[in-house]
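S.K.: task: produce atomic coordinates for the following.
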Amino acid sequence: MVRYSDIIKSGIKKKEEDLTKDTPGSEKPEKADNSLRLSTLKEFSTSSGLNSLPAQKDAVYMKELHSTIVDYLKDVRKLIKNDEHFDIKQAIDIINHIINTPDLIENFYQAIALNNHNNEESYLILHLINVMVYALKIGTGMKYSREELLELGLAALFYDVGLLKIPESITEKKERLTETELELIKKHTEIGENILSHFQAEHPMMPQVACEHHERRSGDGYPKGLKGKEICEYAKIIGLLDTFDAMIHNRPHRKALAQHFSVKELVESKNVMFSPRTIKVFLDKMGIFPIGSYVRLNNMEIGKVVAISNTQPLRPTVKVIFNDRGERVSDETLINLEGHPVLYITDAVSEEDFPSDQVV
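M.R.: Below is the predicted model:
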């Protein structure tokens, strides 16, 4: 039986052999390797249809795509740290591939929500990928065209690059930051705008979003204290998603907050920090109980949300983790609450609420 992972690897190997055929001993640049990996993924998704892949093959595909983007961003990080310009052609190819492949935005979102790929990688790189995927999902809810989705995706993938110029002794600091350090961190918006100004002519939203993603509806944001309509829509979307993703992941100076509680905080701040329209689309597309949330059902079972309902946001699909006696469930039990009118979510829980201090 041919394994899906072998198809990916053999496709990459063949392309590498073709590239180096006639040039013995030549070494292929890492950037070219990443492009070949993406090319192979594109070919397989086109020929096989991502929707029809078995779950385990779908997971392999997602992991490889995620790894390709991580490696690309690591190259970008090196160039930025050395004050060199970077190419966004591969980023454009990646985002177009995600946009143009049926259901890939949704499948990619589920993959990053349920798994921690490359968790040894820096928080910032994973954060940028998460926000890009969230942004494409929200963009579809905004009914954006493919061209608009591409620009939103590019802005989301690079909006925080200014942080790469801030010393890691500050960005990775576990203790509370000093006022001086906080002021330096705030400079990343203008630093990012300057870095991305190189792409201003063809992609004006990239530097603008880098500058404005910490502006807030009330005017209490930075660096310019813009209010309401003064902030571009892409920056409003990415600012919300940047906040959400930061809240649900551990950072050097702050412990993660459970997803539902993060959503609750964002909703409560909608008239101060974020626009009501952006919040509404966020809730429609991400759910009141986003994928990855832990919930307790009225039968006292605890589960993890693995899919949301587009029509009934309070009735997602839940994978049972603990039964009503607090015992871990060994077999995989999925409950689609849309089809179980008697069962419903009573409240959200965090890992600290798990029986016997067990962590999933």
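S.K.: can we go C-alpha only for contacts and neighbour counts from here?
M.R.: Noted.
S.K.: for the stretch 201-350 of the chain, which segments count as helices?
M.R.: 205-212, 233-248, 259-268, 276-286 (DSSP state H, counting those that start in this stretch).
S.K.: what helices or strands is the last one leaning on?
M.R.: Under the contact criterion of 3 or more Cα pairs under 8 Å, 6 or more residues apart in numbering; DSSP states H and E, the helices and strands touching helix 276-286 comprise helix 123-141, helix 233-248.
S.K.: isn't G139 right next to E151, touching?
M.R.: No - here G139 lies out of contact with E151, judged by Cα atoms under 8 Å, at a distance of 10.2 Å.
S.K.: low-confidence regions, the chain specifically.
M.R.: 1-57, 116-121, 250-259, 270-271, 356-360 (pLDDT under 70).
S.K.: right, so the helices of the stretch 201-350 of the chain: which one is the most enclosed?
M.R.: Neighbour counts (mean count of other Cα atoms under 10 Å) averaged over each of the helices of the stretch 201-350 of the chain peak at helix 205-212, with a mean of 27.
S.K.: for that helix, packing partners?
M.R.: Going by 3+ Cα pairs under 8 Å, 6+ apart, helix 205-212 lies up against helix 146-158, helix 188-196, helix 233-248.
S.K.: what's next to the second one, contact-wise?
M.R.: What it means is helix 188-196. Residues from elsewhere that reach helix 188-196 (Cα atoms under 8 Å, 6 or more residues apart in numbering): 159-163, 165-166, 206-214, 223.
S.K.: can you give me the domain assignment for the protein?
M.R.: Listed by automatic domain parsing, the domain ranges of the chain are 30-46+54-286, 294-357.
S.K.: burial check on P341, number of neighbours?
M.R.: 9 (other Cα atoms under 10 Å).
S.K.: quick one, what contacts the closest residue to R146 other than its chain neighbours?
M.R.: Taking Cα to Cα, 6 or more residues apart in numbering, and ignoring the residues beside it in sequence, R146 has I99 as its nearest neighbour in space, at 7.1 Å. Applying Cα under 8 Å, 6+ apart, we find I99 in contact with I105, L136, R146, L149, L150.
S.K.: try 10 Å
M.R.: Neighbour list for I99: D93, I105, L136, K137, T140, R146, E147, L149, L150, G153 [criterion: Cα atoms under 10 Å, 6 or more residues apart in numbering].
S.K.: centroid residue for the chain?
M.R.: In the chain, the residue lying closest to the centroid (Cα atoms, centre = their mean) is N130, at 1.1 Å.
S.K.: now the helices and strands packed on helix 276-286 in JSON lines, with distance to P313?
M.R.: Below are the helices and strands packed on helix 276-286 laid out as JSON lines (distance: least, Cα to Cα, whole Å):
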{"stretch": "helix 123-141", "distance to P313": "15"}
{"stretch": "helix 233-248", "distance to P313": "18"}
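S.K.: closest to E64 out of those helices?
M.R.: Closest of those to E64 is helix 123-141, at 13.4 Å (criterion: Cα to Cα).
S.K.: can you tell me which two in the contacts of I99 are farthest apart?
M.R.: The most distant members of the contacts of I99, if one measures by Cα to Cα, are D93 and T140, lying 18.5 Å apart.
S.K.: what's in contact with stretch 138-148?
M.R.: Contacts for stretch 138-148 (Cα under 10 Å, 6+ apart): 96, 99-100, 105, 132-133, 135-136, 149-154, 234, 237-238, 241, 277-286.
S.K.: burial check on E338, number of neighbours?
M.R.: 18.
S.K.: that one touches I345, doesn't it?
M.R.: No - between E338 and I345 there is no contact under Cα atoms under 10 Å: 11.4 Å.
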